[in-house]
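Chemist: here is my input, please return the structure:
(chains A, B, C and D)
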Number of protein chains: 2
Amino acid sequence: MHTKEKIKRESTELFATLGYEGTSMANIAERVGIKKPSLYAHYKNKEALFLDLVMDMSLDYVTFIKDSLGQGNVSIEKQLYQAFITYVHDWTQDNPANQFYSRFLQYPPQQLAEPLKEMLSESERKVRALFSDVMKEGQEQGALTMELDSETMAYTYFALIEGLVTEVVFYSPEEISKQAEKSWSVYWRGIRA
Amino acid sequence: MHTKEKIKRESTELFATLGYEGTSMANIAERVGIKKPSLYAHYKNKEALFLDLVMDMSLDYVTFIKDSLGQGNVSIEKQLYQAFITYVHDWTQDNPANQFYSRFLQYPPQQLAEPLKEMLSESERKVRALFSDVMKEGQEQGALTMELDSETMAYTYFALIEGLVTEVVFYSPEEISKQAEKSWSVYWRGIRA
DNA sequence: GTCTATAAGAAGATAGAC
DNA sequence: GTCTATCTTCTTATAGAC
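Modeler: Have a look, this model is predicted:
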């Protein structure tokens, strides 16, 4: 089953770069090093292949976020800062899996919009809940302001990260990482007690 | 030349919804109410049509931002807040032109990436400079903190807006507008003097 | 599982009449 | 400027041999 893994890896990259319609089965087969019809021995059709990738992504995403949050035995500020920087860094790197996730979360192929949104919304909900808890803990510890509610802080946290990642259009990953440090200080000033 | 306007309007909507490869010339012609070959009397080919739309967008974008900034005879806080809310509101509405702009800024069709980026980078640069100036003025007036530089405040401002707009994937425009108010308060706490 | 061959259709684009 | 007819190429997908 090594071929199937190769199909996944190559098609992830192609879909992320060229989009769903922009990527052809012939295109994928060529990269894998097999002929086009051989793909159909592994997947019923293009949609099935694509949805299999989406499934993988949504699982990996939650794992990635949990890891970036790290252990709870450091200060809230450190914990949030670390996850913030890691997230922005990894998401702006040339990482096909992340690019795939971001792209199709925002712009799914229309006929697959429903199942795709269903799969990914659940992941996002989990991740946001995770951070909302961290914020609440921070408030209890007296590290974060009580003037704002924890959901707002979590929501804004994600929006800012999302926005920074989007800047890859104009800036290099290195510039964005530098800018992320500065934007963090704006955000931290905004939520600290 | 009424037909050309109709072609632009309909194709903007289709491209924004279905993407570049996902939109066919037949598809556009049908919406316009003409036959496919008639399109070629107005545009040399699909790429030319698409690039004409991009050109329009980049012009409209700068105008829109200038308008949302309003006159300078109110407080910096009001001015920034107003533009912030307006931007998020308009960008999450069902507005084909804005959706077109956002989509292809982030994910251009690969063969058009170069000319497209060239056209849009210039608009973005202008808009950012506009805001950087407002921030500097705010610092001189003593309304904004001197601990941060004006570029950082401007950059973070845009990143946050971008991120909020991205949330349309999960939330309704109304929910996002509400959240934008709250995220604004985080941001304002972060930059005020 | 992989191949060659091929079907069936849709894509972008052109020729030439009106 | 718009049409019908057509070309060429590319698309997804299947049949059937090995």
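
Chemist: could you confirm whether stretch A:52-66 reaches DNA strand C?
Modeler: No. Figure legend: stretch A:52-66 not in contact with DNA strand C (CB under 7 Å from any atom of the strand); closest approach 13.6 Å. Every residue, glycine included, has its C-beta placed from N, CA and C.

Chemist: indicate whether that stretch makes contact with DNA strand D.
Modeler: No. Stretch A:52-66 stays clear of DNA strand D (CB under 7 Å from any atom of the strand), getting no nearer than 13.0 Å.

Chemist: name the residues that touch that stretch?
Modeler: A:8, A:11-12, A:15, A:43, A:83, A:87, A:90, A:97, A:100-101, A:104, A:116, A:119-120, A:122-123, A:126-127, A:130 (CB atoms under 8 Å, 6 or more residues apart in numbering or on different chains).

Chemist: out of the residues you listed, which are buried?
Modeler: Among the contacts of stretch A:52-66, the ones that count as buried by 16 or more other CB atoms under 10 Å in any protein chain shown are A:8, A:11-12, A:15, A:43, A:83, A:87, A:97, A:100-101, A:104, A:116, A:119-120, A:123, A:127.

Chemist: need the max-distance pair from the residues you listed.
Modeler: Pairwise distances across the buried ones among the contacts of stretch A:52-66 (CB to CB) peak at 35.0 Å, for the pair A:43 and A:83.

Chemist: helices or strands up against the longest helix that chain A contains?
Modeler: Counting by DSSP state H, the longest helix found in chain A is helix A:113-140. Counting contacts by 3 or more CB pairs under 8 Å, 6 or more residues apart in numbering or on different chains; DSSP states H and E, helix A:113-140 packs against helix A:46-69, helix A:76-92, helix A:96-106, helix A:150-166.

Chemist: list the buried residues for it?
Modeler: A:116-117, A:119-120, A:123-124, A:127-128, A:131-132, A:134-136, A:138-139.

Chemist: which residues of chain A lie near DNA strand D?
Modeler: A:23-27, A:36-37, A:40, A:44-47.

Chemist: who in chain A is up against DNA strand C?
Modeler: Near DNA strand C, when you scan chain A using CB under 7 Å from any atom of the strand, you find A:1, A:3-4, A:34-38, A:41-42.

Chemist: go again with 10 Å.
Modeler: A:1-4, A:6-7, A:21, A:26, A:29, A:32-42 (CB under 10 Å from any atom of the strand).
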